[in-house]
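**Student:** sequence and predicted structure are below.
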Amino acid sequence: MNSFTEKFLTRRAFLQRNSTGLGALALASLLKPSAFAAIPGNGPAVPGLLKRLHHEPKAKRVIYLFMSGAPSHLDLYDPKPKLVEMTGKDLPDSIRQGQRITGMTSGQKNLFCVGSPFKFTKHGQSGTEFSEVIPNIASIADEMTCIRSVFTEAINHDPAVTFFGTGHQQPGRPTMGAWASYGLGSENSDLPGYICMQSGGGGQPLQSRYWGSGFLPAQHGAVTFRAAGDAVLYLSNPPGLSSTARRSTIDAMNELNRLQLGALGDPAIAAQIENYELAFRMQTSVPELMDLSQEPDSTFELYGAKKGAPSFAANCIIARRLAERGARFIQLNHRDWDHHGGLPKAMPNKAKEVDQGAAALVKDLKQRGLLKDTIVIWGGEFGRTAYSQGEIKPESFGRDHHPRCFSIWAAGGGFKAGAVHGATDDFGYNITRDPVSVHDFHATLLHLLGVDHLKLTHRHEGRDYRLTDIHGELVKGILA
């Protein structure tokens, strides 16, 4: 036997003899995370990877209201009287500064300014200005921080959605929710840590990777809840199979998986075992969660939802119920904000679909004492242009993509209430004060959850990755 073969066999023997312990450790950490929560640290114990938070958190959970297609900041959150005055005139070269624009408008002979057709008025004690098309969101002005100076790197939808969700334009990295699930776990062992729901139709397609786990273990990707039929596909027992028979089947599969886990020590097998167990527990927890029949009529009136009818507002009710039950990250996607044309008619209709539900969610969380440790985020993937796409007519102009600046808002969980952060120029084209990059926002979000964004990492392909990659600064100006 040569030295190479001897070393190889010795290494193989070592792995075979020790893998049972490694596999058991991986399985135990998944099935009973509280047993691993005694590691010393600065913050309180949590059921996820971190075991101890880096500092005392302000928030325990996140509800992310994602407006797919990029709603226009100029028509909702960032009033520009000067732009209204300049309607029909060329956008000054000093404003554009040679910045790139998409192929959809680069061929236009003129880039005519177009102001918002909607009136803006001040609301709340903060006096924050909002568009007339979102009166209910305006009514929670004193609960939120309106961030008018967010900017991104991508100029087209898919890379921009990917970037806002993962901190990188290329697919394959974990989303915000996946990182939260990975680091913090779920407070409820009968529900996934990360849950996603959809509403709206048309517009840009929603890819499942927008709520995926990337290179993190698969159980940290979102479980999609459906509005009609079974909330989770294949969760119910098939006809003729009882719960007792299903339990026996899962026990048999898990026994085989444990044997394989002992032989290989692969944490992915441990994750598969936990997924089977979670699915079995969800057979009880999910139907109870999704049953809104016990909600009083006043709840439906508050949210503007109809009993038995799927909608964004109904999803907001479910999001509140998930927050009550300890889900870590809840993502509600609402489609069709991509207004390249027909904006004056389309914007009020689209805003009406989400306005009451989003505002009611914040109000409902507050009256239940949950807003103080729940973060609610509302926003899209980038902004819209100050110039018109196509001809300007009272009911037909549109706006192109604009990554240089856009507005989002966040409420609860340690965000400053009744505040406006950042500012843009008179055309809503460039940031003039307090820019907030996507990486900065991610770093701040993790901070409020008790996590130092520099320390939540995962080794993949030989390097340590994190949500903020090699970027990100805490935005102290938006913290309470």
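**Tutor:** Yep, that arrived.
**Student:** going forward, measure contacts between C-alpha atoms and count neighbours the same way
**Tutor:** OK.
**Student:** hey, where'd the helices end up in the stretch 1-150 of the chain?
**Tutor:** For the stretch 1-150 of the chain, the helices defined by DSSP state H, counting those that start in this stretch occupy 3-31, 81-85, 93-96, 135-138.
**Student:** cool, and the stretch 151-300 of the chain?
**Tutor:** Under DSSP H, counting those that start in this stretch, the stretch 151-300 of the chain gives helices at 157-166, 176-184, 243-264, 267-290, 297-303.
**Student:** show me what the second one is packed up against.
**Tutor:** Secondary structure elements in contact with helix 176-184, counted by 3 or more Cα pairs under 8 Å, 6 or more residues apart in numbering; DSSP states H and E, are strand 194-199, strand 329-334.
**Student:** can I get these in JSON lines with distance to His55 and mean pLDDT?
**Tutor:** Converted to JSON lines, the helices and strands packed on helix 176-184 look like this (distance: least, Cα to Cα, whole Å; pLDDT from 0 to 100):
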{"stretch": "strand 194-199", "distance to His55": "22", "mean pLDDT": "96"}
{"stretch": "strand 329-334", "distance to His55": "19", "mean pLDDT": "98"}
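**Student:** nearest to Leu53, out of those strands?
**Tutor:** Smallest distance to Leu53 across the helices and strands packed on helix 176-184 (Cα to Cα): 16.7 Å, for strand 329-334.
**Student:** which other helices and strands contact that closest one?
**Tutor:** strand 61-67, helix 176-184, strand 194-199, helix 312-324.
**Student:** quick one on the thing from earlier: and the helices of the stretch 1-150 of the chain, which one's lowest on average pLDDT?
**Tutor:** Per-stretch mean pLDDT for the helices of the stretch 1-150 of the chain is lowest at helix 3-31 (a mean of 43).
**Student:** to His54, which of the helices and strands packed on strand 329-334 lies closest?
**Tutor:** For His54, the closest of the helices and strands packed on strand 329-334 is helix 176-184, at 11.0 Å, according to Cα to Cα.
**Student:** what does the closest one rub up against?
**Tutor:** Helix 176-184 has contacts (Cα atoms under 8 Å, 6 or more residues apart in numbering) with 46-51, 165-166, 193-194, 211-213, 216, 220-222, 328-331, 442, 446, 456, 467.
**Student:** got it, and stretch 323-336?
**Tutor:** The list of residues contacting stretch 323-336 from outside it, by Cα under 8 Å, 6+ apart, reads 60-69, 177, 180-181, 184-188, 191-204, 312, 315-316, 319, 322, 350, 370, 374.
**Student:** now do 7 Å
**Tutor:** 60-69, 177, 180-181, 186-188, 191-204, 312, 319 (Cα atoms under 7 Å, 6 or more residues apart in numbering).
**Student:** need the helices for the stretch 301-450 of the chain, in chain order.
**Tutor:** 312-324, 343-367, 438-448.
**Student:** out of those helices, nearest to Ala411?
**Tutor:** That would be helix 343-367 among the helices of the stretch 301-450 of the chain, by Cα to Cα, at 7.4 Å.
**Student:** now the angle from the closest one to strand 194-199?
**Tutor:** Angle between the axes of helix 343-367 and strand 194-199 is 140 degrees (criterion: axes from the mean of the first three to the mean of the last three Cα atoms, to 10 degrees).
**Student:** helix 343-367: which residues count as buried?
**Tutor:** 343-344, 346-348, 350-351, 353-366 (16 or more other Cα atoms under 10 Å).
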